[in-house]
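1. Everything below, folded, please.
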Amino acid sequence: IIPILEGRIRRRDIPEYPLDALREAIINALAHRNYLIPSEVQIFITPSMIKIRNPGSFPPGVTPEDLEAVWRSGGAGREALREELPLHTAITAEEVEQLAFSFEKGVFWREASTSSQLESFSGPPSFAPIAEKVNPAVVTVYTTKVYKSPFRFGPGEFFFFGPGPYKEQGMGSGFIITPDGYIVTNYHVIKDADEIKVAVGLKNKEKYEAKKIGWDEKTDVALIKINAHNLPTVVLGDSDKVKVGDWVVAIGSPFEFPHTLTAGIVSAKGRRLGGPYDDFIQTDASINPGNSGGPLINMNQEVIGINTAIIMGGQGIGFAIPINLAKEILPQLKSRGKVIRGYLGVLIQKVTPELAESFGLREDKGALVTEVIKGSPAESAGIKQGDIILEFEGKKINNISELPRIVAKTEVGKKVEIKIFRNYKEISLF
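-> Have a look, this model is predicted:
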């Protein structure tokens, strides 16, 4: 940890208290700041100074005094030292002063420094630029289901009888991804629809007949198209870069109010709701019936998700399909109308800490094979019941949900390496 490059801290600048307690407090504080505390760390406490250093952490031939001289020279030398030796971190006089206060008061948690200046948080910048840029490319999707039979079932076991046909109306949202009219929405928005119309423009005055191009029920993604040109489009971002706490905006047509914008944050990632490829982004941006298929947008005005689901009865709990998942299948939806996925042929379960210990695995990672489907690629490769799949085509399997997604996006017929754990050792299969 070394050295105290911010300068020697004079002992008289802090209250008097036992030296052993000071030494322990300093080490604990450094550990709380996630600094590495090597066994050879040295803490020097004299009546005039406190100095911390780790002789083993310096490059060969470089002494703490050399580094301190460069640091004290200031300017470019100090900045270079910050970049070259990021782990040689100083503990400042303010922190030692705070340690002294904590010790005296019996505090065992990290306390904010009384001398630190906290910047007030005023919230995000205006969302108006996002509305101006993205809103024109967000559409309202109107669907019609035609019932030709005079019998139409209602709630429970009741049904209605009368002259047909009957028409059932539905509505959702979507967003334009190409100037010639390709639109992304949810599969459940257009499912079973006999007629689809899309309202384009901020006033929803222009309506176009739309046709289904392709859909995927397992991910709830659909691609439709209208016959138009020079349409405004959205920019698709990278959902893998999304972090919990990021600001996001949802745009759609909740309760038949088109182009409604709501804002919130990313509440969580990797949520599963029961589907085989679930990897939802959770947000508290308000999502309601009619928002389905609309975009979830980051502060860079990029689509990072497709608003899809809500928890009934809950408030501030909505879910969006990561846009990267959609980008993986959109080319197939455009060219084939459906998604053809890779298939391994195993049933798997989560590796719990107890299972990992019983199998002799160091960490509770991977996917435990509970059954191998007869005649499957897994059987041909030699995978057996009781194997733990650790890697698939070079990608580590940290939890059970990752394996189905990785296998699904693998090209059919491609030969890949699979690393498994069997009989206390790792084995590679092909």
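2. C-alpha only now, for contacts and for neighbours.
-> Fine.
3. What is the neighbour count of the closest residue to residue 426 other than its chain neighbours?
-> Distance criterion C-alpha to C-alpha, 6 or more residues apart in numbering; nearest residue to residue 426, sequence neighbours excluded, is residue 420 at 5.6 Å. Neighbour count of residue 420, defined by other C-alpha atoms under 10 Å: 23.
4. Check residue 420 and give its pLDDT.
-> Note on residue 420: pLDDT of 95.
5. Against residue 238, how distant is residue 275?
-> Distance of residue 275 to residue 238, computed by C-alpha to C-alpha, to the nearest Å: 22 Å.
6. The two: who's more crowded?
-> Legend: neighbour count by other C-alpha under 10 Å for residue 275 and residue 238, higher for residue 238 (16 against 12).
7. my read: the more buried one touches residue 327, true?
-> No: with contacts counted by C-alpha atoms under 8 Å, residue 238 stays clear of residue 327, the gap being 9.7 Å.
8. overlap in contacts of these two?
-> When C-alpha atoms under 8 Å, 6 or more residues apart in numbering defines a contact, no residue borders residue 238 and residue 327 alike.
9. and the spatially closest residue to residue 372 that is not a sequence neighbour, how many neighbours?
-> In this structure, residue 372 finds its nearest non-sequential neighbour in residue 346, 4.6 Å apart by C-alpha to C-alpha, 6+ apart. For residue 346, the count of nearby residues is 20 (other C-alpha under 10 Å).
10. you'd agree residue 346 is up against residue 371?
-> Yes: with contact defined as C-alpha under 8 Å, residue 346 reaches residue 371; the gap is 5.7 Å.
11. if I pick the residue nearest to residue 381 when sequence neighbours are not counted, what's in contact with it?
-> Excluding its sequence neighbours, the residue lying closest to residue 381 (C-alpha to C-alpha, 6+ apart) is residue 430, at 5.6 Å. By C-alpha under 8 Å, 6+ apart, residue 430 lies in contact with 381, 415, 416, 417, 418.
12. Show me the residues you listed that map onto strands.
-> Members of those lying in strands (criterion: DSSP state E): residue 418.
13. Need the distance between the two termini of stretch 232-250.
-> Stretch 232-250: ends 18 Å apart by C-alpha to C-alpha.
14. meant to ask about stretch 393-404
-> Taking C-alpha to C-alpha, stretch 393-404 runs 13 Å from one end to the other.
15. do the same with stretch 281-294
-> End-to-end distance for stretch 281-294, by C-alpha to C-alpha: 14 Å.
16. cool, stretch 180-199 as well?
-> Start-to-end span of stretch 180-199 (C-alpha to C-alpha) is 15 Å.
17. Kindly report the same for stretch 405-420.
-> Start-to-end span of stretch 405-420 (C-alpha to C-alpha) is 18 Å.
18. cool, stretch 310-318 as well?
-> Terminal residues of stretch 310-318 are spaced 4 Å apart (C-alpha to C-alpha).
19. same thing with stretch 369-389?
-> Start-to-end, stretch 369-389 (C-alpha to C-alpha) is 7 Å.
20. What are the buried residues along that stretch?
-> Across stretch 369-389, burial judged by 16 or more other C-alpha atoms under 10 Å covers 369, 371-372, 377-379, 381, 383-389.
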